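S.K.: okay, predicted coordinates and the sequence, questions at the end:
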Amino acid sequence: MPLANMSKTRASRSPAGPLGRGPVVVPLDGSKVSERALSHAVALARVWDEQIVLLGVTTARNQGGLAGLAPAIKLEFEESGVQQAEDYLRKVRNRLRRTVQVEAAVRIGDPAREVLAAARSLKARLIVMTTHGRSGVSRWVQGSVAGTLLREATIPLLAIGPNVPEATPRKFRLKHLLVPLDGEKASESALPVARQLAADLGARISVVRVVPWLADYSYQTQAAVYDPKLDKVLEQGAATYLGRQLQTLTGVEAQPYVRRGSSATRLLDFVTRQDVDLVVMTTHARRGVARAALGSVADRMIHGKAPVLLLKPGR
């Protein structure tokens with residue numbers, strides 16, 4: 001099932017918007033865990049009238065254990081891996097094709113690099129994947145593979161973390177979106193994407209700015225410098241800032257919220273308490289391009305109860 005032989009994606013009936021047009025790519029590693037991404041992918045593909053591309057990658061050619069084998073035997077192992085992947089993807093495709101247009105493709109090589117290459121080749125609108133799969137030779141949606149995709153994907157990536165409740169198509173919903181902002185332009189890149197999604201899905205948006213308590217930083221300066229009134233000034237400034245950002249969200253329901261404390265902790269608490277269905281955020285915010293998704297607030301959010309749509313700044 002090479003990419004070159006796949007049927008062309010149907011054109012979206014709605015304007016392209018900040019997410020553009022193109023298929024929804026779902027990397028699958030043969031595990032039930034990786035298939036948890038399908039409900040999200042199907043729902044979005046149906047809203048956008050887009051095609052889903054199921055993508056499998058076999059790593060047989062690169063496995064060190066085959067290095068000492070004769071070329072003919074190595075080729076046999078490789079072909080067997082491709083055949084197994086094609087059989088598996090065909091079964092998944094047959095389950096989905098009554099509800100959405102779906103194709104499948106198998107590539108050979110490093111899983112993360114091949115997923116990125118395939119998404120670029122297809123001009124994908126979105127990659128949808130779980131971040132933690134099962135361990136084992138054939139289970140590659142895990143660890144370094146997911147980490148590489150989270151760091152390097154320039155195409156928007158919808159990450160389904162390990163604590164996101166499993167959703168069936170009948171019980172699936174994306175009606176409440178959260179956009180975290182930190183006061184920097186980079187984080188504001190998520191706003192037009194969230195606006196498009198809210199319009200497409202009939203969802204509402206919560207825009208949240210978390211402001212730290214200055215007392216938490218008092219150890220860094222002299223105690224006499226700290227004035228509790230400054231906390232109120234910071235909170236008022238954050239509220240004013242959010243009010244300006246909401247002006248860009250015309251045509252959709254949006255509410256601002258200021259929270260105090262540690263960013264990731266307060267955002268995760270907001271997700272749980274406010275029943276957030278999807279977090280939309282950039283992978284680099286306050287610390288600039290030197291900060292990747294892993295090890296940042298975005299990485300913490302992936303371990304929350306809502307999937308996270310990760311964007312590169314400037315989209």
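M.R.: Received it, and whenever you're ready, just let me know what you need. Numbers count the residues shown, from 1 in each chain.

S.K.: buried ones in stretch 238-248?
M.R.: 238, 241-242, 245 (16 or more other CB atoms under 10 Å). Every residue, glycine included, has its C-beta placed from N, CA and C.

S.K.: repeat that for stretch 21-37.
M.R.: Neighbour-count burial for stretch 21-37 [16+ other CB under 10 Å]: 21-31, 33-37.

S.K.: ok, of the buried residues of stretch 238-248, which one's closest to V210?
M.R.: A238 (8.4 Å; CB to CB).

S.K.: quick check: phi and psi at the closest one.
M.R.: phi -70, psi -40 (degrees, to the nearest 10).

S.K.: tell me the contacts of it?
M.R.: 183, 209, 211, 258 (CB atoms under 8 Å, 6 or more residues apart in numbering).

S.K.: now swap in A264 and tell me
M.R.: The contact partners of A264, by CB under 8 Å, 6+ apart, come to 297, 300-301.

S.K.: which ones among these lie within helices?
M.R.: Counting by DSSP state H, those place 297, 300-301 in helices.

S.K.: give me the phi and psi angles of the nearest residue to P212 once chain neighbours are set aside.
M.R.: In this structure, P212 finds its nearest non-sequential neighbour in G261, 6.8 Å apart by CB to CB, 6 or more residues apart in numbering. Per-residue torsions, G261: phi 130, psi -150 (degrees, to the nearest 10).

S.K.: so G261 sits against V208, correct?
M.R.: No - with contact defined as CB atoms under 8 Å, G261 does not count as touching V208 (11.8 Å).

S.K.: those two - which one has more neighbours?
M.R.: When G261 and V208 are compared for neighbours, V208 comes out ahead with 24 against 14, by other CB atoms under 10 Å.

S.K.: one step back: now the contacts of A238 as CSV including pLDDT and distance to D231?
M.R.: Listed next are these as CSV, based on pLDDT from 0 to 100; distance: CB to CB, whole Å:
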residue, pLDDT, distance to D231
G183, 90, 16
R209, 96, 14
V211, 92, 8
V258, 97, 11
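
S.K.: mind giving me the ChimeraX select for the residues you listed, buried ones only?
M.R.: Applying 16+ other CB under 10 Å to the contacts of A238, the buried members can be selected in ChimeraX as follows:
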select :209,211,258
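
S.K.: return the subset of the contacts of A238 lying in strands.
M.R.: Counting by DSSP state E, these place 209, 211, 258 in strands.

S.K.: which residues does the second one bridge with?
M.R.: So the one you mean is V211. R260 (DSSP bridges).
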